[in-house]
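Enquirer: Got a sequence here, can you build the structure:
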Amino acid sequence: MDSREETELAHYLAISRAVAGEMDLQNVLNGIAGAVKSKLLDYHHLDVAVVLPGDKSKHFALETGIETVWNRDGEGRPNDLAPVRQVLNGELGSLMTGDAWADPRFHFDGADDAPIFEANLRSRIHVPLTVHGEVIGVLSFSSPQRDAYGEEDVRKAQNVADLIAPYFYALNMSDQAQSSARAAGAARGREHSLRHGAQRLTEAMEAERRRLGMELHDQTLADLSAVFRRVSRLAGQPGPDSAELQEIAKAISRCTTDLRSIIENTKPGILDLFGLSQAIEAQLERATQGLDRRVKTSVSDDTGDLLERSEYRLQLAVFRIVQEAVTNAVKHSECSKIDVHLAVVGEHCLEVTVANDGRVPAEGWRRSGRGVDNIRIRAALIGASVAFERDPMGSGSRTVLSIPCEIVRAGTETPEAAAAIATDVGTLDAAALAAAGKRVP
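Expert: Numbers count the residues shown, from 1 in each chain. Next up, the predicted model:
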């Protein structure tokens, strides 16, 4: 190795030392600039175009010496409009020109070439940054003098590019990973906020249901009952209007029955008093009463009452989901049997299955409707998932609610505490459900 080669090697080692430990791409480029200028290559403008990892049809630019619009746009710039597109796209191994102003390779329809004129970039060298045989960017040296560079300068520029390419690749991928992690964290934060807001909104709606149920029970139902007793008494007395009064009494009786059903649906009192399993059994009994067919029902809990010890809001959500699934089965499937089963699956999941033996059409049976949407939304609000399964022979279907066990075991809460949390309706984030594009009834 002669003295010239030793000197050149020393300059390359100086570049390595200049970028060692730097974690910012611009600082890396500044370190390269100081080690290169007047030692390996003289230049007026030094820049690097780096391909975006997430979109390889675009790149961003870093510059030193002069700042141009190439480096002012935070968004990626299209590779196909870059004056150095032939190197970026791997069509040329390098590109050198004695006068970029007049070289047609830099100027074409839509070319991002304004800085060549504005910054007086005449002589130019462009060499690829290559990692694992893939071009990840282009290193460029420019001078205001015409014909300032030769083939020896291209060789030196390529040596510098080969030296720094792995460094740029590693830092660029690291930045991309950090950006992705920040974006994912922000998305999780937004999801948590939406879910929290939607949960609070649902709690307030449940509290309002409870209040409405109590008012209907204590006032409206009592008034209707009193009217019914008076009309019944009048209907039992002889007179020309007794038949009409009897019809009125029957109508009031039907209204009273319907109103009691509404109250039970708005305020699941058995859940408050006796727990989830008893509430589900009572719901099955109510839903199958008065049908023109006999429907067998059963409730089994193989979880060791795990849900019974969970938060009240979780029990209430499970009850509402089962209530909707049972109602759908009774209305649409012509079933003769409905089974509700609670079980722990593996170590991490609790499943609530509502199965029926009713008729299921071959197509469209899972088509989104109000009931199905309600189930999906309520499941999402408690961090659970739901699946709708059809028997291959078309003789039954299942609604399977899967709840992570860590959610079930998260804590305990009383109905009074849940109602207290939901008292301040004015502070609820109603936009949470609007963002989901749904409305929980």
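Enquirer: and residue 359, what helix or strand is that in?
Expert: Using DSSP states H and E, residue 359 maps to neither a helix nor a strand.
Enquirer: can you pull the buried residues of stretch 280-300?
Expert: Neighbour counts over stretch 280-300 (16 or more other C-beta atoms under 10 Å) mark 280-284, 286-288, 295, 297, 299 as buried. For glycine as for every other residue, the C-beta is placed from the backbone atoms N, C-alpha and C.
Enquirer: got a list of what residue 292 touches?
Expert: Taking C-beta atoms under 8 Å, 6 or more residues apart in numbering, we find residue 292 in contact with no residue.
Enquirer: So it versus residue 258, what's the distance?
Expert: 19 Å (C-beta to C-beta, to the nearest Å).
Enquirer: and the closest residue to residue 227 other than its chain neighbours, how many neighbours?
Expert: Residue nearest to residue 227 in three dimensions, not counting chain neighbours: residue 252, with 6.1 Å by C-beta to C-beta, 6 or more residues apart in numbering. Neighbour count of residue 252, defined by other C-beta atoms under 10 Å: 18.
Enquirer: doesn't residue 136 fall inside a strand?
Expert: Yes. According to DSSP: H, G, I helix; E, B strand; the rest coil, residue 136 belongs to a strand.
Enquirer: can you pull the contacts of it?
Expert: 50-51, 129-130, 165, 168-169, 172.
Enquirer: And for residue 254?
Expert: Residues in contact with residue 254 (C-beta under 8 Å, 6+ apart): none are found.
Enquirer: neighbours around the residue nearest to residue 400 when sequence neighbours are not counted, how many?
Expert: Closest residue to residue 400 apart from its sequence neighbours, by C-beta to C-beta, 6+ apart: residue 387 at 4.6 Å. Residue 387: 13 surrounding residues under other C-beta under 10 Å.
Enquirer: still on that earlier bit, redo the buried residues of stretch 280-300 as CSV? Include pLDDT, secondary structure and distance to residue 309.
Expert: Formatted as CSV, those follow (pLDDT from 0 to 100; DSSP: H, G, I helix; E, B strand; the rest coil; distance: C-beta to C-beta, whole Å):
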residue, pLDDT, secondary structure, distance to residue 309
280, 92, helix, 16
281, 92, helix, 19
282, 88, helix, 20
283, 88, helix, 21
284, 92, helix, 22
286, 85, helix, 25
287, 88, helix, 26
288, 89, helix, 29
295, 91, coil, 30
297, 95, strand, 24
299, 95, strand, 17
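Enquirer: Let me know the closest of the residues you listed to residue 320.
Expert: Distances from residue 320 to those, taken as C-beta to C-beta, are shortest for residue 283 (9.9 Å).
Enquirer: how close does the closest one get to residue 233?
Expert: To residue 233, residue 283 is 35 Å away according to C-beta to C-beta.
Enquirer: Same check on residue 90?
Expert: Distance, residue 90 to residue 233, by C-beta to C-beta: 97 Å.
Enquirer: ok, the buried residues of stretch 280-300 vs residue 65, which is closest?
Expert: residue 280 (74.4 Å).
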